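# quick one, fold the following:
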Amino acid sequence: MALLFTVVLAGLAMFAAAWGAFRFTLRDPERSPPAEDHIIVAPADGRVKYIKRIERGTIPYSEKDGRRIPILESTKILPVEEGHLIGVWMSFLVVHVQRVPVSGIVEKQYYHASGRFLDPHLQEGADYQNERNVIIIKPSDLPAPVIVIQIASIMVRRIISYLKEQMPVRIGDRLGLIRMGSQVDIVIPVVDSVRLSVSVGDRVTAGETIIARYSPST
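Presented below is the predicted three-dimensional model:
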């Protein structure tokens with residue numbers, strides 16, 4: 001009887017700890033973007049995992065757990081000819097609500113459930129299984145859009161977006177949620193006025209950390 005009581009007590013303690021950790025990841029603190037014009041802020045809490053240059057005519061790949069994940073199926077619908085791809089890795093303990101990185105209009109939103117794409121431009125044998133949501137935001141003062149990619153874990157496929165196509169958004173607005181630990185990438189277009197403000201390994205806070213500055217396009 002004593003052993004059974006100990007096992008039950010241990011099980012309840014583990015359940016309480018797991019539930020507490022789950023609730024902890026769902027916290028949603030208020031955030032205030034910097035009072036500065038012409039900036040792009042981090043879309044997620046976490047650490048900058050990589051910064052890669054997107055070359056003209058190529059399909060950019062996010063990377064997660066050793067997997068190469070194409071942002072879109074084809075260069076034909078990729079709205080950025082050249083850009084910087086910044087990956088933000090979210091640990092289990094950070095806030096998992098994402099924020100809008102720049103004010104503008106949501107031009108498109110592409111949701112990809114797990115599955116393989118058949119575009120011949122993609123590298124043969126690459127693993128495309130991660131569920132993801134691609135949000136394309138067009139600022140009024142940049143010539144090309146900013147793209148946010150919510151990437152779910154293979155084990156925990158749960159992406160929520162609060163945005164709809166043609167919706168106006170403001171920098172720092174709540175963008176969506178990925179349950180449990182995962183990753184959010186952002187594509188910033190390469191134009192003469194854009195200057196990145198982060199490096200690999202930096203910790204960033206969604207809606208508050210400036211990751212790029214730019215001069216408005218004329």
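# low pLDDT regions in this protein?
Along the chain, segments meeting pLDDT under 70 span 1-27, 73-77, 114-130, 154-157, 180-181, 217-218.
# centroid residue for the protein?
residue 184 (2.1 Å; C-alpha atoms, centre = their mean).
# and the residue nearest to that one when sequence neighbours are not counted, what is it in contact with?
Excluding the flanking residues, the one nearest residue 184 by C-beta to C-beta, 6 or more residues apart in numbering is residue 44, at 3.7 Å. The way it works is simple: take the backbone N, C-alpha and C, and place the C-beta from them, glycine included. With contact set as C-beta atoms under 8 Å, 6 or more residues apart in numbering, residue 44 has these partners: 88, 90, 94, 98-99, 183-184, 204, 206.
# out of these, who's nearest residue 177?
residue 98 (6.9 Å; C-beta to C-beta).
# tell me which helix or strand that closest one sits in.
In this structure, residue 98 sits in strand 97-99 according to DSSP states H and E.
# cool, and residue 47?
With DSSP H and E as the criterion, residue 47 is inside strand 46-54.
# CA atoms only: put that strand into PDB for me.
C-alpha atoms of strand 46-54 as PDB (Å, rounded to 0.1, in the frame of the first residue of the first chain):
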ATOM      1  CA  GLY A  46      14.600  33.100 -28.400                       C
ATOM      2  CA  ARG A  47      18.100  33.000 -29.700                       C
ATOM      3  CA  VAL A  48      19.300  33.800 -33.200                       C
ATOM      4  CA  LYS A  49      20.200  30.500 -34.700                       C
ATOM      5  CA  TYR A  50      21.500  31.600 -38.100                       C
ATOM      6  CA  ILE A  51      21.600  34.500 -40.600                       C
ATOM      7  CA  LYS A  52      21.700  33.400 -44.200                       C
ATOM      8  CA  ARG A  53      21.700  35.400 -47.400                       C
ATOM      9  CA  ILE A  54      19.000  34.600 -50.000                       C
END
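# next, the buried residues of it.
46, 48-49, 51-52, 54 (16 or more other C-beta atoms under 10 Å).
# just to revisit the earlier point, taking the contacts of residue 44 one by one, which sit in strands?
Judged by DSSP state E, strands contain the following of these: 88, 90, 98-99, 183-184, 204.
# any of those buried? List them.
Buried members of the ones in strands among the contacts of residue 44, scored by 16+ other C-beta under 10 Å, are 88, 90, 98-99, 183-184, 204.
# which stretches in the protein count as helices?
For the chain, the helices defined by DSSP state H cover 2-25.
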